[in-house]
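[1] just need the structure, nothing else, for what follows:
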Amino acid sequence: MPSAMSPRLETERLILKAPEADDLVFWMKFLTTERSQYMGGGPEVGLGEIWRQVAVFFAHWQIHGFGQYVIYSKDSPIPIGAAGINYPFDWPEKELVYALWDPASEGNGFAREAVLAIIPHLYDDLNWDPLVSYIHQDNAPSFAFAERLGAKPDPDADTPVEIARVLRYPATSTAIQEAAT
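    The predicted structure follows:
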């Protein structure tokens with residue numbers, strides 16, 4: 001299937017690319033940490049479930065032609081996280097997702113920079129509808145991040161996950177850029 005999204009984007013500090021086999025170990029390591037608890041991972045999650053999460057991560061690009069980008073700082077060959085689109089076949093809308101895999105990467109604006117590179121491509125180049133994020137009700141940092149990008153709760157939207165709330169992003173990349181400044 002042809003890729004709807006560019007398999008590679010760059011910002012001043014980051015390289016965002018479709019996942020490759022070398023990224024697998026870093027994604028799997030993240031999924032074994034408490035940091036991934038709201039994304040289907042965590043220390044108590046077994047290797048089989050982690051493998052399924054990794055398979056979905058890689059398969060999005062093959063099945064849909066889009067998915068999550070692996071985020072690299074231009075200063076390091078080690079990936080620091082992922083951001084992009086999650087869209088299982090049974091979900092009502094395309095979801096914007098983001099995660100920094102290493103806590104040392106937080107507080108540097110990397111997630112913000114990555115998302116602000118992805119959204120204009122989706123909205124302006126591909127004419128996608130406004131995105132949502134399905135955020136676990138207890139994930140306060142993710143709520144705060146989405147709200148800093150201008151996302152607002154959408155209580156009328158369908159959610160595929162019972163314990164998640166839907167946050168809807170503004171309809172234009174310009175509005176998201178303005179909210180993020």
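
[2] export only the CA atoms of the strand or helix carrying residue 118, formatted as PDB.
    Counting by DSSP states H and E, the element that carries residue 118 is helix 110-120. Output in PDB follows, covering the C-alpha atoms of helix 110-120 (Å, rounded to 0.1, in the frame of the first residue of the first chain):
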ATOM      1  CA  PHE A 110      10.900  17.000  21.700                       C
ATOM      2  CA  ALA A 111       7.300  15.700  21.800                       C
ATOM      3  CA  ARG A 112       6.000  19.100  20.900                       C
ATOM      4  CA  GLU A 113       8.500  19.600  18.100                       C
ATOM      5  CA  ALA A 114       7.600  16.200  16.700                       C
ATOM      6  CA  VAL A 115       3.900  16.700  16.800                       C
ATOM      7  CA  LEU A 116       4.200  20.200  15.300                       C
ATOM      8  CA  ALA A 117       6.100  18.700  12.400                       C
ATOM      9  CA  ILE A 118       3.500  15.900  11.800                       C
ATOM     10  CA  ILE A 119       0.300  17.800  12.000                       C
ATOM     11  CA  PRO A 120       0.900  20.300   9.100                       C
END
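
[3] residues in contact with that helix?
    Here helix 110-120 makes contact (CB atoms under 8 Å, 6 or more residues apart in numbering) with 5, 9-14, 16, 69, 71, 73, 80-81, 83-84, 96, 98-100, 131, 145, 148-149, 169, 173, 176-177, 180. Where C-beta positions appear, they are placed from N, C-alpha and C, glycine not excepted.

[4] how far does it sit from the chain's center?
    10 Å (CA atoms, centre = their mean, to the nearest Å).

[5] for the closest residue to residue 101 other than its chain neighbours, phi and psi?
    Of all residues not flanking residue 101 in the chain, residue 30 sits nearest, at 3.9 Å (CB to CB, 6 or more residues apart in numbering). Taking degrees, to the nearest 10, you get phi -60, psi -40 for the backbone angles of residue 30.

[6] next, the contact list for residue 30, please.
    Residue 30 sits next to 36, 41, 99, 101, 102 when contact means CB under 8 Å, 6+ apart.

[7] whichever of the residues you listed end up buried, select them in ChimeraX.
    A single ChimeraX command selects the buried members of those (16 or more other CB atoms under 10 Å):
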select :36,41,99,101
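
[8] just flag the most distant two among the contacts of residue 30.
    Taking CB to CB, the two most distant members of those are 41 and 102; they sit 14.2 Å apart.

[9] on that earlier part again, let me know the closest of the contacts of residue 30 to residue 56.
    residue 41 (11.9 Å).

[10] go ahead and confirm that closest one touches residue 27.
    No - Residue 41 is beyond contact range of residue 27, at 9.5 Å (criterion: CB atoms under 8 Å).

[11] much appreciated, bye for now.
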